[in-house]
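A.B. asks: Sequence plus the predicted model coming up.
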Amino acid sequence: MPHTALVVGASGIVGATLARHIADQGWVVHGLARRPRTDIDGVIPLAADLLQPGALHSAVAHVRPTHVFFSTWMRQATEAENCAVNGALVRNLLGALADVPLQHVALVTGLKHYLGPFESYGQGALPPTPFREEQGRLPVLNFYYVQEDAVFEAADKRGFGWSVHRPHTIIGYALGNAMNMGVTLAVYASLCRELGRPFLFPGSAAQWNGLTDMTDARLLARHLEWASTCAAGRNQDFNVVNGDIFRWNWMWQRLAEYFGVEPAPYPDQPAPLETQMQHDAEAWSQIAARRGLVEPVLDRLVSPWHTDADLGRPFEVVTDMSKSRRLGFLDYQPTLDSFFDLFTTLKANRVIP
C-alpha cells in the first residue's frame, strides 16, 4: 500500500516541492494550506486554518495519513507571540489527527535553532560553526523549540516516529512567500538590468568574504522522504544543506553573469535591499506590463527583509551535514545550479523577463 501524506504548508517553497516530489514517487498526497494550490499534479488540495481547531478537525476528518510533514509558520510581533501561535499550529494539527495511527511526523524548522529568533538574532554566545545537531538549544525563547516539544510530546504518547529538519536558506520555486531569497535576488537583478542600476551586494563584509551554504528545496524534499521512511531517520534531528560551500564574492559574480549585469564592487557598508528596492514598485509594474510578466505587484514576489537578514549577518554561518551522511543520506546539490534552475523556471513562467 502506498504511503499517505498530509503536507502542511503545501503552498510554500518547502511544502509545494515536497508534495510534488512524493506524489511523483507514488504517495497519496493531501496538501493543506489556508489557500491551497490546485495546480500540483497528484496532490489533493485541502483548505484549513490551523488556528481554528473545530474547523480544522472537520477539514481533516476524512484524511488518514501515515505521514505528516509540517512546514509552515506565522510571523508575529514578538517571539513570545511566535511561540504561542506557532506552537498552537502544531498542537492543533496533531490534535485533529488524534485518532489517526500515524507512523511519522516530520517538522521543518531552520538554523535559527542555533542563531536565535529574529528579535535576538545572532546575539549572545552562539555555538561555533559549522553548526552540529549535538550543540542543542540556546537559552532563549524560540518557537522552533516549542514546535519540537509539541511533536515530541505527541510522539511519546502515541508511539509515532518523528524527525526534525533544519535547512539553511532555502532556494526553490514558490511565489508570495515571506522568506524567498532566490526569487528576491532574481527580481532585484532584473530591476538592475532593466533600469541600468549597479548590481550591488546588499549584505555584510562577513557574508561577502566568509563561507556559507544553502539548501535546495528539492534536496530537502528528498531528505524529508528519506528520514520519514527509513529506520535510521526515526526520532532524529538533522541539519540539511546542499553539501557545497561558497563565498558570496564568488557567487555574486556568477549571478551577475547569468543576468547580464556588471557586479558592483563591494561597498564600504551593507546596502540593504529594503532600502535599494523601497521605491521600485512602480518600476516593476511598468516592466511587467512591457515584458508580459504574470505578477506586476512587487510586494507579492520579493521579501527584501528576509534576504537582508540572511546576507547581513556579521558572522560566518556554515552547517555540518555529517549526521545525515553517516546514516545514509548522500544526496548532493550544487548551489549554483540551484540558482540557475530557479532563474530558468522563473523566466519560463514569465515571472521575470
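C.D. replies: Structure received. This is a predicted model, so every value here is computed, not measured.

A.B. asks: counting contacts, what elements does the biggest helix by length in the chain pack onto?
C.D. replies: Longest helix in the chain, counting residues (DSSP state H): helix 79-96. Secondary-structure packing of helix 79-96 (3 or more CB pairs under 8 Å, 6 or more residues apart in numbering; DSSP states H and E): helix 53-59, strand 67-70, helix 143-158. To be clear about C-beta, it is placed using only N, CA and C from the backbone, and glycine gets the same treatment.

A.B. asks: Residue 298 versus the nearest residue to residue 195 once chain neighbours are set aside, what's the distance?
C.D. replies: In this structure, residue 195 finds its nearest non-sequential neighbour in residue 283, 6.2 Å apart by CB to CB, 6 or more residues apart in numbering. Residue 283 sits at a distance of 8 Å from residue 298 (criterion: CB to CB, to the nearest Å).

A.B. asks: out of those two, which sits in the more crowded spot?
C.D. replies: Counted by other CB atoms under 10 Å, residue 283 and residue 298 do not tie: residue 298 has more neighbours, with 19 against 15.

A.B. asks: excluding its backbone neighbours, what's nearest that one?
C.D. replies: residue 284 (4.2 Å).

A.B. asks: Is that neighbour in a helix, a strand, or coil?
C.D. replies: Assigned with DSSP: H, G, I helix; E, B strand; the rest coil, residue 284 falls in the helix class.

A.B. asks: Give the burial count for it, as a bare number.
C.D. replies: Residue 284: 23 surrounding residues under other CB under 10 Å.

A.B. asks: you'd agree it is up against residue 191?
C.D. replies: Yes: using CB atoms under 8 Å, residue 284 is in contact with residue 191, at 6.6 Å.

A.B. asks: Could you report the pLDDT at the residue nearest to residue 195?
C.D. replies: What the model reports for residue 283 is a pLDDT of 97.

A.B. asks: Same question for residue 1.
C.D. replies: 67.

A.B. asks: Residue 177 too?
C.D. replies: We have a pLDDT of 77 for residue 177.

A.B. asks: Look up how far residue 261 lies from it.
C.D. replies: The gap separating residue 177 from residue 261 is 24 Å, by CB to CB.

A.B. asks: in stretch 91-104, what counts as buried?
C.D. replies: 91-94, 96-97, 100, 102-104 (16 or more other CB atoms under 10 Å).

A.B. asks: Now do the longest helix of the chain: everything it contacts.
C.D. replies: Outside helix 79-96, the residues that touch it by CB atoms under 8 Å, 6 or more residues apart in numbering are 8, 50-51, 53, 56-57, 59-60, 68, 70, 72-76, 105, 107, 117-120, 140-143, 146-147, 149-151, 154.

A.B. asks: of the buried residues of stretch 91-104, closest to residue 310?
C.D. replies: Lowest distance from residue 310 to the buried residues of stretch 91-104 (CB to CB) belongs to residue 93, with 27.8 Å.

A.B. asks: Can you tell me how far that closest one is from residue 8?
C.D. replies: Per CB to CB, residue 93 is found 6 Å from residue 8.

A.B. asks: ok, now residue 95?
C.D. replies: Distance, residue 95 to residue 8, by CB to CB: 13 Å.

A.B. asks: Then residue 163?
C.D. replies: Distance of residue 163 to residue 8, given as CB to CB: 15 Å.

A.B. asks: of those two, who's got more company?
C.D. replies: residue 8 (26 against 22).

A.B. asks: Contacts only, for that one.
C.D. replies: Each residue near residue 8 by CB under 8 Å, 6+ apart is listed here: 15, 32-33, 50, 68-72, 93.

A.B. asks: low pLDDT regions in the stretch 201-350 of the chain?
C.D. replies: Scanning the stretch 201-350 of the chain for pLDDT under 70 picks out no residues.
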